[in-house]
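J.: Structure for this input, please:
(2 chains)
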Amino acid sequence: MKVGRRAFIGFVAGAVGGTLLSPLPWKLTDDIAIWTQNWSWRPSPKRGHRAGKQTLCNLCGGACGIEVDFINEKRAIYVRGSSVNPLNKGGLCSLGASAVQFLYAPYRISQPLKQTKKRGDISGFKPISWQEALSEISKRLSQLKQEGNGKSVACISGQRNSSIFALWEHFFKAYGSKNIFALPEETDGWKLASMSTFGVPEPCSFDLSRVDCVLNFGAEWADNWRNSAPMARILASLMKEKPGKPVVEVVHISSRLSMSATKAKEWIPVKPGTEAALALGIASIMVKENKVSPDVVSFKGFKKWEDASGKTRTGFKELLLKEYSPDKVSKITGVEQRKILELARLFANTPRAVAIWGSGGKDCPNNFYSDLAFVALNLIKGNFSDNGPCFLQSDPPLTPLPEVKEGWSDDLRRLDEEAGWFFPFGLYSNAIYPFLDALSSGKGYPIKVLFIQEANPLYVLSETQLVRDALEKVETIIVMSSFMDESAIFADIILPSTTMLERWDDVCNISKVPNPIYAISAPVMEPIFDVKHPGDILIQIAKKVDEQVKGVFPWKNYVDFLKYRAKGIVESKRGAIADENVELCSQAPAKPNYSNLKEFLKKLSKGYVWYDSPEPTSSRIKTMSGKPEFAISAFERSPKKPEKDEFFLPAYIEIKPAGSEKEYPLMLSAYSCSYLASSYVPNSYLMMKDLWDFQLKGNKGFVEINPVTARKLGLKESSSVVLKTMKAQAKVLVHITPSVPEGIIYVPKGLGHKAYDEYIKDKGINIGDLIEVQVDPVTGLGIEGPVRAQLIRS
Amino acid sequence: MSEKHSSNTHEEHGKSKVRYGMVIDLDKCTGCMACAVACHQENNVSFRPDETDKTRNIAWMRMYFLENGKEYPEYRFSYLPRPCFHCDSPHHTPCTFVCPVNATQRDERTGIVNMIYPRCIGCRYCMVACPYHARSFNWWDPTWPKPLEEMLNPEVSTRMRGVIEKCTFCHHRLNKARDKARLEGKDPDGVEYTPACVEACPTGAIVFGNLRDPESEVSKLAKSPRAFQISAKLKTYPKVYYLSKEPWIRKLSDKGL
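T.: Model prediction:
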């Protein structure tokens, strides 16, 4: 067939016209538009039914109710606060809101691993089976026990307020070692202050629901005063104007203008670390103006008193009037005398006024004497009387663990004691730094096996170098962790653990809340990897060590153990399960609203908590005199006792940092933020996203200094400097802010990880590397006071 | 119409009885950033190893830092969480006005300013037009390191490189609430629902609801003497109000973000 020119043009024109009339070009354009935006690498989440499951979040050791949203009951996608829980009442903190990011984190450990190369070399980890790992560990443990060397096994646990800590203690008691420690907390010191004043190691707690005035000595409730979400909710509600009621006077006393300080009605800036002196100054005025609670006069040590040896010693009243007069306190704290008087009168004249205190947002123990000073101020106000706002936090009536007949012998000593450390309150103390010091210096006896359970001490503890030196000396390090964190990298054997959403845990008591609390965090899904609960691992190991240890471990698994513990509450017929209408703190008696264990556990595993009304302090006191005591009686029985009378009483002790002022003209201190995680769980991906660009820029961290300090040093915003302390140095950028006082450098906690992945690793600096810890000579607790530092322009 | 203009801003769009809005109490906000984490988790907002360049990163709920400009110890600061303000200015918001492809529009039934990602051509006019920097641009393909893709929410599509994204007042939750109301035989208009940020806030600083309902908490709070809007002089009529008792914070509200 011959196609002519005309026919060809006609055909083409027809084809073009026809195509244009058809939907084809439009369909194609549409497809191209979609295609250009639908690259295969753009994830398209699988669809399905979305529904929530109730449980409890214990990521920070708290007990906030949560609801986890699932797609087709398989994929966890979102966490919201649950309103059935009286602690958080629906809200969350940024850590809790990130729970699913930890579940699916790429740095999770999916199977047991064994180090085959040098310790700390991440490429040396080879997978082993659970059976191999557990039998290797239990063989070693039974061998050590047979050799009579049980004391050479130690543990650092990151879960203090859970029954797993009790299980560890039980195991160590049966096995024959006293070397069990937890990550330090602010309340470690509070327990010992109560031990001294009330004769029981039960920390103070506060009923903030019915107060009219709060003197807040560095309790950074809006920054990180455990536990964040409930504390923020309780304190923020105080600030709310309620019709017909005066606004609660919240006065914040600290050296750095924290978020909590800026939220307070009034902020009183003091010289760093002198909050206790101001508390004593206020007490002194109350004594002078005769505004003390009448019963205080009869407390041991208030007036002149006689110690066990018959020596007459100065009383607290005399000490206050002599050493803490407004002019002296004004010199120590930098607060005007007029202001001190005003605060004292506000505190004394407001019927329900309470003093709360903290560690300035560091969540580490305070100096023993300053904790005593704050307790004393509340005592003088009469706050521990039966209708007062202060309580001792008693434990929930859990079933006691089976009695261990053999185990601890009388001559068994903790490593720090063996190495020559002595503390009057050492028996009750979580003396982790003296332990690490003894271990690193090779004093005492060697530690052959160290368990690290979800604690990450190589990051969380300060003086990282000391921790590293100590761990180097350990023969075998066994890390139970969900994540490849700094300590897991340093392990010889890693036993991967389940994350919060995949496991059973319980929470016994919430810091600062007066009610005994018991709560259960139930799993909402099956574990996504071949991982186990540390409690299950411990029970399995215990059963293999020997018959004696096996004999006191009657539980099949950890859930069985939790049921055993919870049974005690059900049998006690005390307390009640709280619903959203319950105001904790209120002293209304709780009537049991559960009948049996099954019902009790079912309710608790849905995010409800068990609570009891707080017990009046008078019923808890176990001192010799039967009353609270100002005098530190422990010294009387102690072979090492101070000479001066004032060391037997609550006092302000100035802690002098090491180093020369000439070489290190500035001071360095850490602080916490509510949006940065500085404990075992790291910052989540989305928490890193929200960080301020004056806290992290690229991989560079910042230090915060006052404009005056900056001018003196000739530094500008974002200047590059080297921060140097006696421990280490680090390259940082400068952020100039008037929120910090002159001459002090502040660095946030929670950055500078050396593990995990590129989203977290090497971002900013870990302040723990630079800080020196001072061991409190009375308690053995590590105090992270300000240290000397300098900034060098680079 | 001109008469109506001068009266209450939220009565412009006569037909609808619904104007979703938000009130954020800065006196209660402790800056814990739970709202931002919850928002970004719910809405599949992507993240990168380095998120510190705030002119390039994506944030639907972004924190702003306010200072009173004084020296220690008179210095004070506050955080200001900023979602999209879903401006209620007549006819158009600054962003919808400039969009050449109708990729962003205001739903006149609810007042929510939406984004239709596949329509967006990435010209970023809206980003420039928004006086509140509420819009972010996808400079890179969003990626989630394995197995984090498991946590993505199928109710919100992931975005692609080259498009704009912003807060939607958790619009997908509204759709769900409307569906539920229909099934229950109720009026789907004006249903109550809760965006992720509101749900997360531990101190109850964020309140959400229908500004046109005089009985709603949000409409009452919006009339509080502590209430203010950001850059009200621009007449964008934001549907996000802030509360503060601090005069210095209220003064800053006219300085923009």
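J.: and A:Ala578, what are its bridge partners?
T.: A:Val609 (DSSP bridges).
J.: Quick one: neighbours of it, just the number.
T.: For A:Ala578, the neighbour count with other C-beta atoms under 10 Å in any protein chain shown is 23. (Each C-beta comes from the backbone N, C-alpha and C, glycine too.)
J.: same check, this time on A:Ile109
T.: For A:Ile109, the count of nearby residues is 24 (other C-beta under 10 Å).
J.: Need the nearest residue in space to it, chain neighbours excluded.
T.: Nearest non-adjacent residue to A:Ile109, counting by C-beta to C-beta, 6 or more residues apart in numbering or on different chains: A:Pro496, 3.8 Å away.
J.: Return the distance of the one you found relative to chain B.
T.: Here A:Pro496 is placed at a distance of 15 Å from chain B (C-beta to the nearest C-beta, to the nearest Å).
J.: and if you look at A:Phe302?
T.: 35 Å.
J.: Kindly report the same for A:Phe561.
T.: A:Phe561 is 31 Å from chain B, by C-beta to the nearest C-beta.
J.: name the element that residue belongs to?
T.: Assigned by DSSP states H and E, A:Phe561 belongs to helix A:558-572.
J.: on contacts alone, who are the packing partners of that helix?
T.: On a contact count with 3 or more C-beta pairs under 8 Å, 6 or more residues apart in numbering or on different chains; DSSP states H and E, helix A:558-572 meets helix A:163-175, strand A:505-508, strand A:517-521, helix A:534-545, helix A:597-604.
J.: try 10 Å this time
T.: Using 3 or more C-beta pairs under 10 Å, 6 or more residues apart in numbering or on different chains; DSSP states H and E, the elements in contact with helix A:558-572 are helix A:163-175, strand A:505-508, strand A:517-521, helix A:534-545, helix A:597-604, strand A:609-611.
J.: Count the residues that sit near residue 218.
T.: Went with chain A since none was named. 28.
J.: my question was about chain B
T.: Residues lying near B:Val218 (other C-beta under 10 Å) number 21.
J.: For it, pull up the helix or strand it's in.
T.: Element membership for B:Val218, per DSSP H and E: helix B:217-222.
J.: what pairs with the helix or strand following that helix, and is each one parallel or antiparallel?
T.: Once helix B:217-222 ends, the next helix or strand along the chain (criterion: DSSP H and E) is strand B:227-228. Using DSSP bridges, strand B:227-228 pairs in its sheet with strand B:240-243 (antiparallel).
J.: Does the helix or strand following the partner strand reach chain A?
T.: Proceeding N to C from strand B:240-243, the next assigned helix or strand is helix B:247-252, under DSSP H and E. No - if you take C-beta under 10 Å from any C-beta of the partner chain as the test, helix B:247-252 misses chain A, and the best it gets is 10.8 Å.
J.: which helices and strands does the host helix or strand of the residue nearest to A:Ile109 pack with?
T.: Secondary structure assignment for A:Pro496, by DSSP H and E: strand A:493-496. Packed against strand A:493-496, as judged by 3+ C-beta pairs under 10 Å, 6+ apart, are the following elements: strand A:113-115, strand A:125-127, helix A:130-146, strand A:449-453, strand A:476-481, helix A:486-489, helix A:534-545.
J.: Using PDB, list the CA coordinates for it.
T.: Extracted in PDB, the C-alpha atoms of strand A:493-496 (Å, rounded to 0.1, in the frame of the first residue of the first chain):
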ATOM      1  CA  ILE A 493      28.600 -11.000  77.900                       C
ATOM      2  CA  ILE A 494      25.400  -9.200  76.900                       C
ATOM      3  CA  LEU A 495      22.100 -10.600  77.900                       C
ATOM      4  CA  PRO A 496      19.600  -8.500  75.900                       C
END
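J.: hmm, back to that, what is the distance between the helix holding A:Phe561 and the centre of its chain?
T.: 25 Å (C-alpha atoms, centre = their mean, to the nearest Å).
J.: tell me the mean pLDDT over that helix?
T.: Regarding helix A:558-572, the rounded mean pLDDT is 97.
J.: Can you check what angle separates that helix from helix A:534-545?
T.: Angle of helix A:558-572 versus helix A:534-545, following axes from the mean of the first three to the mean of the last three C-alpha atoms, to 10 degrees, is 100 degrees.
J.: Could you tell me the angle between helix A:558-572 and helix A:163-175?
T.: With the same axes, to 10 degrees defining the directions, helix A:558-572 sits at 100 degrees from helix A:163-175.
J.: Flag every buried residue along stretch A:119-132.
T.: Within stretch A:119-132, the residues scored as buried using 16 or more other C-beta atoms under 10 Å in any protein chain shown are A:125, A:128, A:130.
J.: Then stretch A:512-529?
T.: Neighbour counts using 16+ other C-beta under 10 Å place A:512-525, A:527-528 of stretch A:512-529 among the buried residues.
J.: Next: stretch B:47-62.
T.: Neighbour counts over stretch B:47-62 (16+ other C-beta under 10 Å) mark B:47-48, B:50-52, B:57-62 as buried.
J.: mind checking which helix or strand A:Thr55 is in?
T.: Assigned by DSSP H and E, A:Thr55 belongs to strand A:50-57.
J.: which residue is nearest the centroid of chain A?
T.: Centre of chain A computed as the mean C-alpha position; nearest residue by C-alpha atoms, centre = their mean is A:Glu185, 5.6 Å away.
J.: For that residue, list the residues it contacts.
T.: For A:Glu185, the contacting residues are A:61, A:160-161, A:191, A:203, A:226, A:359, A:363-365, A:430, A:511, A:679, A:781, by C-beta atoms under 10 Å, 6 or more residues apart in numbering or on different chains.
J.: how about low-confidence regions in the chain?
T.: With no chain named, the answer covers chain A. Along chain A, the parts satisfying pLDDT under 70 run over A:33-34, A:37-38, A:585-587.
J.: ah, no, chain B please
T.: Applying pLDDT under 70 to chain B flags residues B:1-15.
J.: Tell me which stretches of it form helices.
T.: Taking DSSP state H to define them, one finds helices in chain B at B:2-6, B:34-42, B:94-98, B:125-129, B:171-183, B:196-200, B:217-222, B:247-252.
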